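**Student:** would you be able to build a 3D model of this:
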Amino acid sequence: MRNFLPHLKDHLLGRLSEINYDGDENQFTAAQRNSVVIINNKIYRHKVLRVNYTTDDLRRAQDSLNPRTQADIMVLAHEHEDENPHPYWYARVIGVFHVNVRYTTPGEYRASVKRVDFFMGPLVCS
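**Tutor:** Numbering: from 1, shown residues only. Below is the predicted model:
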């Protein structure tokens with residue numbers, strides 16, 4: 001994948017900055033990307049991602065995503081209805097990962113260490 005590290009850091013910065021995802025990837029400057037340091041330059045791979053959620057009848061439930069067996073997912077689209085009338089995006093999960101990052105927010109001198117979970121897969125709009 002081309003420019004993997006800048007794209008990953010853009011994604012991490014969006015998550016760490018708590019910017020709401022609107023369907024477009026955020027572009028950050030090199031200085032902003034440098035505020036995110038992946039500890040030991042390691043990306044950890046997992047076999048399964050478990051997602052806890054509340055059902056419509058207010059019960060707790062759990063789903064699991066396994067790239068080897070249950071790799072197809074559907075998520076709510078974040079686009080305007082006039083641009084894409086289809087309400088969902090579809091993806092095939094090709095990997096589940098996490099990184100430990102040291103993130104220094106603007107104006108802070110002490111960096112906090114956080115774990116960020118993510119999965120990789122191509123999104124397809126239909």
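
**Student:** lowest-confidence helix or strand of this protein?
**Tutor:** strand 123-125 (a mean of 62; mean pLDDT, DSSP states H and E).

**Student:** where along the chain do the helices fall?
**Tutor:** 4-16, 30-33 (DSSP state H).

**Student:** tell me which of those sits nearest to H78.
**Tutor:** In terms of Cβ to Cβ, the element of the helices of the chain nearest to H78 is helix 4-16, at 12.5 Å. All C-beta spots, glycine's among them, are computed from the backbone N, C-alpha and C.

**Student:** against P85, how distant is the residue sitting furthest away from the middle of the chain?
**Tutor:** The C-alpha centroid of the chain is most remote from D57, which lies 27.7 Å away (Cα atoms, centre = their mean). Noted for D57: a distance of 30 Å to P85, by Cβ to Cβ, to the nearest Å.

**Student:** what of R68?
**Tutor:** Taken as Cβ to Cβ, the span from R68 to P85 is 33 Å.

**Student:** same question for A91.
**Tutor:** Distance, A91 to P85, by Cβ to Cβ: 19 Å.

**Student:** so for the two, which residue has more residues nearby?
**Tutor:** Taking other Cβ atoms under 10 Å, A91 and P85 do not tie; A91 has more neighbours (17 against 9).

**Student:** can you mark which positions in stretch 39-58 are buried?
**Tutor:** Within stretch 39-58, the residues that qualify as buried are L49, counting by 16 or more other Cβ atoms under 10 Å.

**Student:** quick one: P6 from N34, how far?
**Tutor:** 11 Å.

**Student:** one more: L5?
**Tutor:** On the measure of Cβ to Cβ, L5 and N34 end up 12 Å apart.

**Student:** do the same with A71
**Tutor:** The value you get for A71 to N34, if Cβ to Cβ is used, is 34 Å.

**Student:** who has more neighbours out of these two?
**Tutor:** Under the neighbour definition other Cβ under 10 Å, A71 and N34 were set side by side, and A71 has more, 15 against 11.
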